[in-house]
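*Asks:* Provided below are the primary sequence and the corresponding predicted coordinates.
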Amino acid sequence: MFGSLFEEEEEGEGFSPAPSGARMLKGGEEPPPPRGRVNLSGIKNQGGTCYLNSLLQTLFFTPEFREELFSLGPEELGCLEDKDKPEAKVRVIPLELQRLFARLLLVDQQSASTADLTDSFGWNNSEESRQHDVQELNRILFSALEHSLVDTSGSTFIHRLYHGTTVNSIVCMECGNVSQRQEDFLDLTVCVRGVCGLEGALWDMFVEKEMFEGSNLYRCGQCDLLVTAAKSAKLRKLPPFLTVSLLRFNFDFAKCERYKETGRCAFPLVISLRPFCEQMDGEDSDYSYQLFSVIIHKGGCYGGHYHVYIKDVDHLGLWEPPEDDSKPKLQKKDVGVCDLEPEKDDPLSVLSSIISQDANKSVLLDQLGQRLMDKIGSSWSKKYRKHYGPIGKFIQNHSDVFVLAHNGTRVALKANPPSPVTQPPSPVKPTLGPDPNNTVDLHPEPQPETTCEVEGSHWFDLNDSTVTCIHEKDIEKMFQGRESAYMLFYRKTTLRRPTEARRNPEYKVPPHLFQMAEEENRSLQQRREELEASSNRVELVLHLAPRYKLENGALQPISVEQNETLSFDRRKTVGDLRMTIYQMQDFWEGDMSLTVAKSLPSGLHLYNTLTDDEVSLYSAGILTGTGLFVWNGKEVCGAAVQTGAEWEPVLLTVVRPSLGEEKGEAGNQVGGGRGGGEGLLKESRGFAGKVTLDELREALGEPQESLLCQEKRGGEGEGGGRSGWRVFCPEDMQKTLKELALKDGDSLLVLEPHARDNSSFSVSGDMVTVTTPSDCRWLQVEYRTERGGGDRKEEEEGRRAKVPASGNTLLFEVKQRAIEELQLQEQLMGVECCLRQMDHAGKLLLPVCEELSVRDAGIRLMTSLSLCLGMAPKNTQLFLYYTVGTAPSSGLEGDIIVEQSCTVKQCLKAMLALAGLEGDSWHLRRMDWCEEVGEALMDEEVSLSELKLNHGDTLVITEGRLPSKGFLKLSVWLYVEPSAEGPGVSMDKSVNDNAEGPMGDQRLEVMSAVNRAMAELRTVGQVEISEEATLEDLKTQILTLPALQFVCVPSPAFVRLWQLEGHRLGHILRGQQVTLRKLKLSSGMELCVQQLLGEEDIGPKEVLLRVQMGVPGKREYYPPQDLIWDASRDPSPRSLRSALSLRYGLSPDSLLLAKHKPLTHTWETISNWSQQVSKRKKKKKAESLLGAPFHLKDGDIIGVKNLLIDSNRDFSTQQDEEKLREGLEQRRNGPGATAEPGNIQFKGPEKKIVPIKARKPEVALSINVGVFR
């Protein structure tokens, strides 16, 4: 029919699609989660099988179909164990369908797998990831079942349940002759265009007559003449189950494109077909049908998602009113005693008031906190927790007032238990055998029928693995729109279900299938117990008190003996852990305290003590790797230990002046040591964070007159042997180290009164300047033979010399002295050389200007300089780097010294000469701060000083002339999807054959999704266009490039343009009629073109995000979906979470979000909590995801976790860990390693590229059936 048109697109809902091209595993490492509260099982999506899942759920909830299938035993169908035997005739399709229905009925799992069933269809992996039309599948599946059941007792059950007939009549208006032709149908196909509803469409089909008249006459067989005639159709035989297919997908021959009818087409819940039947003399009930299933399609004609609304006829599921209905409606009441405002200081009266005012007289336990917030304007934690403990414990302690119902999920008042109308029976769970200790039971005790039911109840939305309760009135929302009804299933109202089938999932289930379900449940329960036990093990590090001593405000180990580790179940209590440690430590006597400990730079510090033995380790916040200090809770080795975050120690570097009296301290002395000369002595000491500076000075044994100073980095006077220190004022001396924000590694200068008279220390106000002593005034110069910015290598290290210098010494003098010390006069005769600084890794920095002094150049004494080949810049010159090509690493690199007054044209000419390039078709571009090619230097006559170029800036020599003024020259890349299953389509046809120029075969790889193949970018050429042209004009001109001449799109709206930022997808250009000037495009920018399957017009405040739902229980993600998020009104996390909840059909509170950082291969969690603000305070501005720290932009990958079924909050994947390890190895190997980890790789012309797969052709749906006649 429509082949593979209906692929999963960005509109797809649900979290169940599997990674593209991958089969769902039949048995994974982790067991599937149990059924949810509704006690119904969903069906897993294998990548594109939502259409199959929707139809299978409809057939499953057709009890007559299910029971007819169950009535066929192994003696007729055979056994699956014999399917590989050549002589055996095993009817695999009905057998697998039986097993699937049995699992949906009896197996306690959230969703069942259809992998075995699709295997019996003969489908491969690609077929399971390709979506088809559900109407087509309905006919093909019924045909396959009929062929599979040949020569069995069930060979006609499809015919009995779904077969109907129509009769087409043509009546001659001359002689009255009637010509009739009977046709069979399994479903009625109804056109929805131009009709307002189903009944109107049926009226046009079976009541209205088509007249043959005028030039369109009918030849009557009896008259043998062309006569006027009337054609009509009627329903002759009505089936027990009526299937109606709505024709929503059509073809526009004028535009030559497919489209979806989204207009309104209403359909009734109960319909009478009497007006449309040939015989109308029966009872009304014979023509009455009741709706019980609606298959819904969301999306367009090129892609979408299927799910189904189903009425549970046998009441197998646990239906509850949707969450919106549980909110109480505001009603005017007479003021009475019970309506008085409760006392806000009394939580008992407040909670009682909230529950009593609810329409159901009960509240969901997880919603009680929010109800309390709405009631009093404050949370439980802020208002009551300090005095009354957690809210759950408070309710348990007041069991005389509150009662927990519905398996502990709802709380009600004891005097007002929940009404039976809103309290459905408990979910039916399968048994695991006759063992009375098993908690799962397939034989529930009979429960009394409720006297009344909520109107519109027992309707469910089955969306792949997700099953949610809905109201009957929700069906009206599916009359029209992109998400609308596609197939309708009616059942005759005369069909009555037996009483014993109600709420009985094992009704008419064959014994062998019942036994299969019992075994699977038993296996699932065992696997879940094993998983729960393994996932709750934590590794604890035990620090034993006898092995530590208190020193410098922290605990220091006495010996090098290793700490003990303990693997423990975090579900057990603190008391259990204490008893286990008692048994491990035979020598322990007296009380034992367990305190959380953490290793800091200054030593081990203790935080909170675990005092409540009844609390589990999970509730106490104990995780894997947590350190526990085992002690008596008072002292360690006779010294009292302070615990808590406020006492967290700080490791400071205490600096004292060495005035020559200390001997033998050269190891810790800065700039001294020879002959007992003057200098500074450094010592690392730890201090508790809560001590004041006065107490610190006393601990150091310094007199009250001593000054304490903090080093001022980057201050005036630094360099040339000077350093600045700020003196703490008297008010600061009373503050603690935490209040002064002192942190580990900070330096503290202690200056005694007699040291201030020394010439090395100059006190001016609150500043102390320390001048390096004369015997410490030197610079070390190392000679390097290589020229340029090579890395330090041990085998190439040259000779070193220590040159005397002061802050006023000219660097030219330092160089001459170094040459003399190293005896390089003859070797460097007539050779230019210069001095260069080095960074901490030994990499050479810029050459220093030799006309400056040591102090003016910002060089600190007692540091190292390198003597390298090359010229040193003068005061009027600039030292610049240059590179050739569009990428920094793609061509030649070098450096040059030019006058600041020279023009851009002169600079370019000098660089071309050095690079050995010829011709005049070159221009210069800046290298921006992130080392990417930036804007072109348009005015070639302007000087470098006017452009404000600085020492060390990099210019890129780019091929091509500068575009004319008013015109832009833009490079264009092509975006090629990693597979044809994404939202885009393949545009790479003939690109390789038509790409020309030096960039024709350059390619890039960019990350389009987590755990998927990298998308590819290919160069396709350049365009030159006016700044006043619109974005639509730019798209049109791009499509005329020779490399894209075979690409055909209906309009430019089917093309998406990205702006490349450093060979990465930046942001999308918006506004078809916006000029390029307003879009702030400049010459030399790079754009990326991507073809779409539908029109797109993204607003200025809309953000295109790539959303990926996590696979429950696995460190993987389902295929990505494009989400256009409107952030114009509310860019907060709440708004994004609401948009995703609509996409996936889940509650916003059940979603956990994170942004993927491809450069660092990490995830940044987007918090679920929003800060609560008091009513008296000014309303705080909501957090914006468009700003810090997330800065969401087009193309960002957002990971989504469904907390209802996935307790793992870690978003990282195995691929992320591998990339991080590669990055660590490369950093460990040094700068000479290969490419850095990132989300982009540049591929040069010499590398062979695997051809990108074209879009999959449309393939007709088929099911393979054996021969059983």
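*Replies:* That came through, no problem.

*Asks:* Check what pLDDT residue 458 gets.
*Replies:* Confidence at residue 458, expressed as pLDDT, is 86.

*Asks:* wait, doesn't it sit right on residue 311?
*Replies:* Yes: when contacts are counted by Cβ atoms under 8 Å, residue 458 is listed as touching residue 311 (5.9 Å). Every C-beta, even on glycine, is put in place using the N, C-alpha and C of the backbone.

*Asks:* Now for these two: what residues contact both?
*Replies:* Common contact partners of residue 458 and residue 311 (Cβ atoms under 8 Å, 6 or more residues apart in numbering): none.

*Asks:* Residue 831 - nearest residue in space that isn't next to it in sequence?
*Replies:* Leaving out its chain neighbours, the residue that sits closest to residue 831 by Cβ to Cβ, 6 or more residues apart in numbering is residue 869, at 6.6 Å.

*Asks:* mind checking the backbone torsions on the one you found?
*Replies:* Torsion angles at residue 869 (phi, psi; degrees, to the nearest 10) stand at phi -70, psi 140.

*Asks:* Read off the pLDDT value for it.
*Replies:* 88.

*Asks:* quick one: contacts for residue 947?
*Replies:* Residue 947 neighbours (Cβ under 8 Å, 6+ apart): 904, 937.

*Asks:* for it, helix, strand, or coil?
*Replies:* Three-state assignment for residue 947 (DSSP: H, G, I helix; E, B strand; the rest coil): coil.

*Asks:* Mind listing the residues bridging to the residue nearest to residue 831?
*Replies:* Beta-bridge partners for residue 869, by DSSP bridges, are residue 787, residue 833.

*Asks:* quick one: it and residue 836 touch, right?
*Replies:* No: proximity of residue 869 to residue 836 does not meet the contact threshold set by Cβ under 8 Å, at 10.5 Å.

*Asks:* Please identify which of these two sits among more neighbours.
*Replies:* The residue with more neighbours, out of residue 869 and residue 836, is residue 836; 20 against 15, by other Cβ atoms under 10 Å.

*Asks:* The more buried one and residue 878, how far apart?
*Replies:* Going from residue 836 to residue 878 by Cβ to Cβ, to the nearest Å gives 16 Å.

*Asks:* can you check residue 822 too?
*Replies:* 29 Å.

*Asks:* Surely residue 579 is in a helix?
*Replies:* Yes: assessed with three-state DSSP, residue 579 lies in a helix.

*Asks:* Make 27 the starting number, not 1.
*Replies:* All right, first residue 27 from here; so that's residue 605.

*Asks:* per-residue pLDDT, it?
*Replies:* In this model, residue 605 is scored at 89, pLDDT.

*Asks:* before we move on, what about residue 1258?
*Replies:* At residue 1258, the predicted lDDT confidence score is 46.

*Asks:* swap in residue 175?
*Replies:* Confidence score, pLDDT, at residue 175: 92.

*Asks:* any idea how far stretch 279-286 is from the chain center?
*Replies:* Between the centre of stretch 279-286 and the centre of its chain there are 36 Å (Cα atoms, centre = their mean, to the nearest Å).

*Asks:* Quick check: which ranges of the stretch 1027-1176 of the chain have low pLDDT?
*Replies:* By pLDDT under 70, the low-scoring segments of the stretch 1027-1176 of the chain are 1027-1030, 1032-1034, 1036-1039.

*Asks:* Now do the strands in it.
*Replies:* Remark: strands assigned in the stretch 1027-1176 of the chain by DSSP state E, counting those that start in this stretch are 1029-1032, 1041-1052, 1081-1086, 1091-1094, 1112-1117, 1128-1135, 1147-1152.

*Asks:* Dump those strands to CSV, plus distance to residue 94 and mean neighbour count.
*Replies:* Below are the strands of the stretch 1027-1176 of the chain laid out as CSV (distance: least, Cβ to Cβ, whole Å; neighbours: other Cβ atoms under 10 Å):
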stretch, distance to residue 94, mean neighbour count
strand 1029-1032, 53, 20
strand 1041-1052, 49, 20
strand 1081-1086, 51, 21
strand 1091-1094, 54, 19
strand 1112-1117, 48, 22
strand 1128-1135, 37, 23
strand 1147-1152, 38, 19
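
*Asks:* Those strands into JSON lines, with extra columns for distance to residue 527?
*Replies:* Output for the strands of the stretch 1027-1176 of the chain, formatted as JSON lines (distance: least, Cβ to Cβ, whole Å):
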{"stretch": "strand 1029-1032", "distance to residue 527": "56"}
{"stretch": "strand 1041-1052", "distance to residue 527": "53"}
{"stretch": "strand 1081-1086", "distance to residue 527": "54"}
{"stretch": "strand 1091-1094", "distance to residue 527": "55"}
{"stretch": "strand 1112-1117", "distance to residue 527": "53"}
{"stretch": "strand 1128-1135", "distance to residue 527": "36"}
{"stretch": "strand 1147-1152", "distance to residue 527": "40"}
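
*Asks:* Ok, which of those comes nearest residue 590?
*Replies:* Across those, residue 590 has its closest neighbour in strand 1128-1135 (41.6 Å, Cβ to Cβ).

*Asks:* Extract the C-alpha set from the closest one and format it as CSV.
*Replies:* Output of strand 1128-1135 as CSV, limited to C-alpha atoms (Å, rounded to 0.1, in the frame of the first residue of the first chain):
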residue,chain,number,x,y,z
GLU,A,1128,12.5,28.3,19.2
VAL,A,1129,15.3,25.8,19.7
LEU,A,1130,15.9,22.6,17.8
LEU,A,1131,17.0,19.9,20.3
ARG,A,1132,18.0,16.3,19.6
VAL,A,1133,16.1,14.3,22.3
GLN,A,1134,17.1,10.7,23.2
MET,A,1135,15.2,8.6,25.7
